[in-house]
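Visitor: Build the 3D model from these lines:
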Amino acid sequence: MDLTPRVPEAHQHDLPVKNKDGSQDMRLRKITGAACAATALTVSGVVSIAGPASAAVVACGTTITQSTTLTANVGPCGDDGIIIGADNITLNLNGFKITGVSRSPGDHAGVRVPNKTGVSIRGKGTIQRFDTGVAIFGGSGNLVYGVTAKDNINDAKGSCDLGDGISVNDSNNNTIQANNAINNGPYGGISLVGDSDGNMIKANTTVGNNVQVCGRVEDEGIRLEGPGANNNTVLNNKVSNSLLAGIGVHSNIGCRNNPPQPGDTPNNDFNTIQGNTVSGTAGRQSDGIKILRQGPFGTIVCAAANTTIVGNNSSNNEGSGIIIPGTSVNNVVNDNTVNSNGVDGIRLGGPIFQTALTENAQTVLDLISPDQPTFTPGTDFRALFGSGSGNVTAQLVPVGAIKVTPPIAFDSATSGCTAADFTGFPAGAIALIQRGFCDRATKVNNAVAAGASAVVFFDEGSLGREGLVISGVSNVAIPVVDATFATGQTLYNLTQSGPVTLHVATDVSYGQQQVNVGAENNTLLRNTGFENAEHDGHDDNEHCDSNMWAGNRFGTVNKECVKANGGTGAVTTPAP
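Guide: Here you go, the predicted structure:
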């Protein structure tokens, strides 16, 4: 799947910017509630229905419209398990299982809740082997209580949009409480996706959500992905053996310190993470509690801000206990315990550098034959990040299944995804490739392998994907021009009427650019940390006096600023 942070697109296999320490953060995804409409498959369980209705047989894919108590297991299901079809009803699992068919193609949910309010899913049952165990799309005020969601792993055969134990998507004021989320992925044990505000994630246990599929190394125990996931509370959960982070709060394109820009998306702000126990993350960059900084080259990305992280124990993780990145501000980090982590106890990120593209000469996209229409640099096209320099005049050849007639489904264009798309491609030609289903670097690298002299890469034309692409590909030697959907549509239609000769030229260079000074205006009071591998308290901010470190008990610190504020953060050694 071709991924972009939701601006308003999603999941983009973009190259992330690098932190000063060389670490990288991950990207987001797009989920649509309409995906994978359920169909009834096998009859597999009997239910009793509250009210006047009598007992009924439940098949995989059944939509229930009255409160229902399972009296038998449901499944195995090759599609959705149960769909909730009415507001204010209860699905009581009653200790039974809803089971999917592992690795079944498509994005399927064990229990799908589309645009419903006041629904309760409870009963100490198990939902397993779907792409997501429970998926709430829209609506509000729903409850998931006492459920075990385990082994819900995306099949990696489709869009890879789902991949969680329990996911809340564009839905407010839900309660996810006292559940077990075990071995789900590749996204999260419990996830808040999109504009999901005011949700309570309380007293859950997440274990072993460290699955790597769909090319993603980003599974988290509890995941506040957003964009626009605000005022949520993550309270008294036990999180262990996660991959990217135990509890992760994601970031988005657009920076609050700059004037708002077209395409900016809201950040995930004013969330509270309190009283959780986080341990045993599964890699050096796998941190306990982490505000992530993520985004494509060539953009300024703001991490979540105004996050309250209080009273947690984030110890014995492979990475750091608590991470605040260089683009995050106004956070409160008080009364936490961070011991025996593999890097730092608490770390504030410093200056962030990213590679910037410079067009040394105006990029050229010019029709030679036919010689009309003309395209405008910077509006209709530009050099794509990762492009090499070159000057090419050659035949333009469309590659693979290109779609230029709207409506075009999101991530449906497979153009250039496989080497087979280039069968018969003439060496030295210019490849016309459409953004879509697979990683854009894969598309361009396939073109290079097929002998293309240049690539014109145009946007997909699905909702939110009509303009110039924000970011690029890994570096290649040939020119790669980024074009709008309208430009690609015009070029493709011309090739259907006869040969097209195109002149493409790029002259680009790359250099490092500092995009901020580091995390600022954060308050860190009364935290305790000992025996972390590098430092118990660590502040990489060049202007570290803007962060208040006070009353902390640390064995080691990296800078005097961690001990600032009248000496109240002085280094303290543990008692013998």
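Visitor: show me the contacts for residue 172.
Guide: 140-141, 195-199 (Cβ atoms under 8 Å, 6 or more residues apart in numbering). (C-beta placed from N, C-alpha, C; glycine too.)
Visitor: Any stretches of the stretch 51-200 of the chain with poor pLDDT?
Guide: Applying pLDDT under 70 to the stretch 51-200 of the chain flags the ranges 51-57, 104, 158-159.
Visitor: what ranges do the helices span in the stretch 351-500 of the chain?
Guide: 440-449, 485-495 (DSSP state H, counting those that start in this stretch).
Visitor: of all these, which lies closest to residue 502?
Guide: Among the helices of the stretch 351-500 of the chain, helix 485-495 comes nearest to residue 502, with 7.6 Å by Cβ to Cβ.
Visitor: to the chain's geometric centre, what's the distance from that closest one?
Guide: From the chain centre to the centre of helix 485-495 is a distance of 31 Å (Cα atoms, centre = their mean, to the nearest Å).
Visitor: average model confidence for it?
Guide: Mean pLDDT, computed over helix 485-495, is 97.
Visitor: just stretch 357-372 next, same as before
Guide: Here the average pLDDT along stretch 357-372 is 95.
Visitor: got it, and stretch 465-478?
Guide: Per-residue scores along stretch 465-478 average to 84.
Visitor: want to try CSV for the contacts of residue 172, with secondary structure, distance to residue 280 and neighbour count as columns?
Guide: Formatted as CSV, these follow (DSSP: H, G, I helix; E, B strand; the rest coil; distance: Cβ to Cβ, whole Å; neighbours: other Cβ atoms under 10 Å):
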residue, secondary structure, distance to residue 280, neighbour count
140, strand, 34, 20
141, coil, 34, 17
195, coil, 32, 18
196, coil, 27, 29
197, coil, 30, 21
198, coil, 30, 15
199, coil, 25, 26
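Visitor: export the helices of the stretch 351-500 of the chain to a markdown table and tack on distance to residue 392?
Guide: Listed next are these as a markdown table, based on distance: least, Cβ to Cβ, whole Å:
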| stretch | distance to residue 392 |
| --- | --- |
| helix 440-449 | 13 |
| helix 485-495 | 15 |
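Visitor: For residue 466, give me phi and psi.
Guide: phi -120, psi -20 (degrees, to the nearest 10).
Visitor: how many neighbours does it have?
Guide: Using other Cβ atoms under 10 Å, the number of residues around residue 466 comes to 16.
Visitor: That one against residue 459, yeah?
Guide: Yes: here residue 466 lies in contact with residue 459, judged by Cβ atoms under 8 Å, at a distance of 5.8 Å.
Visitor: what residues do the two have in common as contacts?
Guide: Shared contacts of residue 466 and residue 459 (Cβ under 8 Å, 6+ apart): 484-485.
Visitor: longest strand anywhere in the protein?
Guide: strand 352-369 (DSSP state E).
Visitor: With just CA atoms, put that strand into CSV.
Guide: Coordinates of each C-alpha in strand 352-369 appear next as CSV, following Å, rounded to 0.1, in the frame of the first residue of the first chain:
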residue,chain,number,x,y,z
ILE,A,352,16.0,17.8,13.8
PHE,A,353,17.7,17.7,10.5
GLN,A,354,16.2,16.5,7.2
THR,A,355,17.5,16.2,3.7
ALA,A,356,16.2,19.0,1.4
LEU,A,357,15.9,18.9,-2.4
THR,A,358,17.2,21.9,-4.3
GLU,A,359,16.2,22.3,-8.0
ASN,A,360,19.4,24.0,-9.4
ALA,A,361,17.6,24.6,-12.7
GLN,A,362,13.9,24.6,-13.5
THR,A,363,12.6,21.0,-14.0
VAL,A,364,11.3,20.4,-17.6
LEU,A,365,8.3,18.4,-18.7
ASP,A,366,7.7,19.3,-22.3
LEU,A,367,5.7,17.6,-25.0
ILE,A,368,7.6,17.3,-28.2
SER,A,369,5.1,15.2,-30.2
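Visitor: Please point out which parts of it sit buried.
Guide: With burial defined by 16 or more other Cβ atoms under 10 Å, the residues of strand 352-369 counted as buried are 352-355, 357, 359, 363-365, 367.
Visitor: ok, so of those residues, who is nearest residue 530?
Guide: residue 352 (29.0 Å).
Visitor: isn't that closest one right up against residue 326?
Guide: Yes: between residue 352 and residue 326 a contact is recorded at 4.5 Å, counting by Cβ under 8 Å.
Visitor: Export the helices of the stretch 351-500 of the chain to TSV and append columns for distance to residue 559 and mean neighbour count.
Guide: Output for the helices of the stretch 351-500 of the chain, formatted as TSV (distance: least, Cβ to Cβ, whole Å; neighbours: other Cβ atoms under 10 Å):
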stretch	distance to residue 559	mean neighbour count
helix 440-449	38	21
helix 485-495	49	20
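Visitor: For residue 527, which of those helices is the nearest?
Guide: Per Cβ to Cβ, nearest to residue 527 of these: helix 440-449, 40.5 Å.
Visitor: So what touches that closest one?
Guide: 2, 12-13, 386, 399, 415-419, 421-422, 431, 433, 435, 455, 457, 469, 472-474, 476-478, 480.
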